[in-house]
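> I'll drop the sequence and a predicted model, then ask my questions.
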Amino acid sequence: MKSKKFLTIILCICLVLSFAACTKNAQQAAAPADTSSQAVNEEVTAANAVVSIDEVSFYDAKDAKGNSLKISPIYSKDGKTVVAAYIISVTDANNKQLDSKAYPLLNNVVAARSDSNGITLTTDSTSNLIRIDTYADAKGNMIAIKDINDANGNNNRDEFLKMTKKTNEKGSVHYLLTDEVVEVKKQQGKTLVVQNGKTIVVKKVDSKNKTVKNKTEKDTAANSEKKAIEKKQEEEKKKEDKKKQDSKKENETANPDDKVYTDIVLKKNGKAECSSKNVSLSTNEVLISAPGDYKFTSQTDTWHGSIKVKLKNDEEAELRFEDVDISYNSGNIIQLIDESENTDRSFIEVEAAAGTVADDAIEELSDRESAPNVSLSFPTGTKSTFENSANVYTGVIYNESKLTIKGNGKATFKAAVNANNVISSSKSITIKNVDLHLETAAAGVTSKIGGAKGIFSYGKVNVESGSLSIYSNGDGIRCDEYNQTGGSASIVSSACDGIDADDLILIGGGTTKVKALEKTSLKVRRVNNQDRLESLQAQGQNVSGSFKKNCIRDGKNDGFKVNGGKVSCESYKVSTPRNTSQKVIICKASKQTKGNDDESKKPVKWKISGVASSDNECIKFFYSSSSVSKNDYKVTVNGSEKETTWKWNGNVGVAKVVSSTTV
């Protein structure tokens, strides 16, 4: 009897377990499918069971390959349901830390979910984690995430939702989604997020964005962990800085002859010679279609033709020129093309008079987030000249790469037709060590015959070292941002602005001399537009729509920043001493107009007591001299003293005056 009772008990237990298993399977079968825009095939489960935002700091997970992932959970607005996760670090089964090359989704946001058993990172039908497009501001705060799971229930998985933060009792900061939709758009080569009428410049959250990585890791840490995280980050930064410094020294001391170059020899009658299959040759044209290092030498006094380089956005090339003299009358002398996408480039050959067509096309290309890396190299002791007489707006160099012009030799680029720019670029330009001279047609002529620019770039222009001289009829440099940390820059514009930047002029070192015979030496458009907006509003005008939107500065970093170096500027017949030091004053003027058009054009006579005077109508007055001290300088406008307050930051003083040309 006891045996029978025992067998009966065992049988009952088996039946109960079988029923429980069936119930669990039925519940899983009835569970709703993943609402992600990608089909889920497999799950990566986490070790812990607590998921509430009030209790979690970092969270540990393992993927299908046995790698250990350290994540920061991202929650829905309830603070309890995990919808995504930021991958902070990854180690393999041997406890070796993996970088972004070994683990491409490191420091990215991926899809996730949670239940009473913990957090799971979801994978798609090919067993890969699902990356979610996310954007962060300049400080590393994530502010917008793609709503791939339709968290706000409006059946739109392509829109972006605003993200907020919450700090728990441990001091750990986590992100939460909201129902608020924000706009993500591209404009002038930047990615912008628009929320509550405010426009914020953002960058993608990925392995390249170290600001987000450091910010998220430090924020996610509990109070007890923060000091250790800060110490680790400081050590990592020191290692990275040392690595960059060692690399820089290595590059500076490396013998370029140790490099293996593909030789391209320029010959008479537009011919050229090269044995590489990556170089195609025809009369008056050399076409390079693969990454690598190429050396140009010449067996003729002047070679007539064009050099074209076509690369993918992840490829690199160096073009080394040794004492070459090139001229061309049928197009650009150098073309650097990003062929990652098929795009109509007929605008490159457009006549100079139709420059706006090219401007629009180049601006569209600037929206691409990546580009090839190309350097034009001019070795020590060499001298090369490039002169373009073709009537094409895109000038001597047309560029779609992240371009570096370097070397210790000398390079001269001239545009011989009135409206031709010397360099037209959709991306950033960096100048290092080289002695670079750029000259447009009609340089020195004070009428705007063609308005040809020395450098026209939809990216940054960086002067790190060497010598840059520009003589132009149009803007010396027209760019998104100008950044000088060393070297010397001497820029003269006879009919337009010296340096005309959209967002920022930052000078932290070197020597900068700018002369604008007819307009403004240093100009930042967003600052000028802000002045104009305030001026119009002060007159009682109803300013709205796109004009108002464009007037508003995108960020606190817009404007002028002079942190070092020697700066000397002359504009519109304003004379300043040449023996300058690191003391600067900037007077910004908003000109109010109450009269007719003729009255509005009358010049405003300025004087900054004891320093300099002018009778121009420019927006800015910029001055640097050893005579400048940290005093509040009196400003007179048309002979009348105006009240103004100088705001000093170190040796830089800024004041603003609002005036009218009429009574």
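Looks like it arrived, so ask away.

> so for R478, what's the pLDDT?
Looking at R478, its pLDDT is 95.

> typo on my end, it should be K310
At K310, pLDDT is 95.

> the one 3 residues further on too?
At N313, the model reports a pLDDT of 90.

> report the separation between it and E341.
Here N313 is placed at a distance of 9 Å from E341 (CB to CB, to the nearest Å). Backbone N, C-alpha and C define where each C-beta goes, glycine included.

> comparing these two, which residue is more hemmed in?
Neighbour tally, N313 and E341, criterion other CB atoms under 10 Å: the higher count belongs to N313, 17 against 9.

> follow-up on the earlier one: so what sits against both of N313 and E341?
Here N313 and E341 have R368 as joint contacts, going by CB atoms under 8 Å, 6 or more residues apart in numbering.

> look up the closest residue to E570, ignoring the ones flanking it.
K515 (4.5 Å; CB to CB, 6 or more residues apart in numbering).

> in space, what's closest to Y103 - neighbours in sequence excluded?
V90 (4.7 Å).

> for the one you found, give me its contacts.
Taking CB under 8 Å, 6+ apart, one finds 67-70, 97-98, 103, 106 in contact with V90.

> check which helix or strand it maps to.
Assigned by DSSP states H and E, V90 falls within strand 82-91.

> for V492, same thing?
strand 488-493.

> I'd like to know which elements that strand is packed against.
Using 3 or more CB pairs under 8 Å, 6 or more residues apart in numbering; DSSP states H and E, the elements in contact with strand 488-493 are strand 467-472, strand 511-516.

> any idea of the angle the last one forms with strand 488-493?
Here strand 511-516 points in a direction 0 degrees away from that of strand 488-493 (axes from the mean of the first three to the mean of the last three CA atoms, to 10 degrees).

> state the mean pLDDT of the helix or strand following strand 511-516.
Next along the chain after strand 511-516, taking DSSP H and E as the criterion, comes strand 522-524. Mean per-residue pLDDT for strand 522-524: 79.

> and G487, what does it touch?
Applying CB under 8 Å, 6+ apart, the residues contacting G487 are 431, 463-468, 510-511.

> mind putting those in a markdown table, pLDDT and distance to K519 included?
Formatted as a markdown table, the contacts of G487 follow (pLDDT from 0 to 100; distance: CB to CB, whole Å):
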| residue | pLDDT | distance to K519 |
| --- | --- | --- |
| I431 | 97 | 23 |
| V463 | 97 | 21 |
| E464 | 96 | 27 |
| S465 | 95 | 28 |
| G466 | 96 | 27 |
| S467 | 97 | 24 |
| L468 | 98 | 20 |
| G510 | 89 | 23 |
| T511 | 89 | 22 |
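
> let me know the closest of those residues to Y633.
T511 (24.2 Å; CB to CB).

> thought the closest one was touching I491?
No - the criterion here is CB atoms under 8 Å, and T511 misses it with I491 at 11.5 Å.

> so for the two, which sits in the more crowded spot?
Remark: of T511 and I491, I491 carries more neighbours, 27 against 17, as counted by other CB under 10 Å.

> look up how far V567 lies from the closest residue to the more buried one other than its chain neighbours.
Leaving out its chain neighbours, the residue that sits closest to I491 by CB to CB, 6+ apart is G476, at 3.7 Å. For G476, the distance to V567 equals 14 Å [CB to CB].

> which of these two has more residues huddled nearby?
G476 (31 against 26).

> pLDDT averaged over stretch 288-301 - what is it?
96.

> then stretch 133-148?
If you average the pLDDT over stretch 133-148, you get 94.

> quick check: buried residues in it?
Neighbour-count burial for stretch 133-148, counted by 16 or more other CB atoms under 10 Å, picks out 133-137, 140-148.

> returning to what we had before: next SSE downstream of the strand holding V90?
Going down the chain from strand 82-91, the next helix or strand is strand 109-115, by DSSP H and E.

> need the contact partners of that following strand.
With CB under 8 Å, 6+ apart as the criterion, strand 109-115 contacts 34, 36, 38, 51, 71, 73-74, 80-87, 119-122, 129-132, 134, 142, 145, 148-149, 205.

> those residues, buried ones only, as a PyMOL selection?
Buried residues within the contacts of strand 109-115, by 16+ other CB under 10 Å, are selected in PyMOL with:
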select buried, resi 34+36+38+51+71+73+74+81+82+83+84+85+86+87+119+120+121+122+129+130+131+132+134+142+145+148+149+205
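
> among the contacts of strand 109-115, name the ones in strands.
Using DSSP state E, 71, 73-74, 82-87, 119-122, 134, 142, 145 are the members of the contacts of strand 109-115 that sit in strands.

> and these, which two are the farthest apart?
T120 and M142 (21.0 Å).

> neighbours around the spatially closest residue to G305 that is not a sequence neighbour, how many?
What sits nearest to G305 in space, not counting adjacent residues and going by CB to CB, 6+ apart, is N284, at 3.7 Å. Neighbour count for N284, taken as other CB under 10 Å: 16.

> N284 against I307, yeah?
No - judged on CB under 8 Å, N284 makes no contact with I307 at a distance of 10.3 Å.

> which helix runs longest in this structure?
helix 223-253 (DSSP state H).

> packing partners for that helix?
So helix 223-253, by 3+ CB pairs under 8 Å, 6+ apart, packs with helix 210-220.
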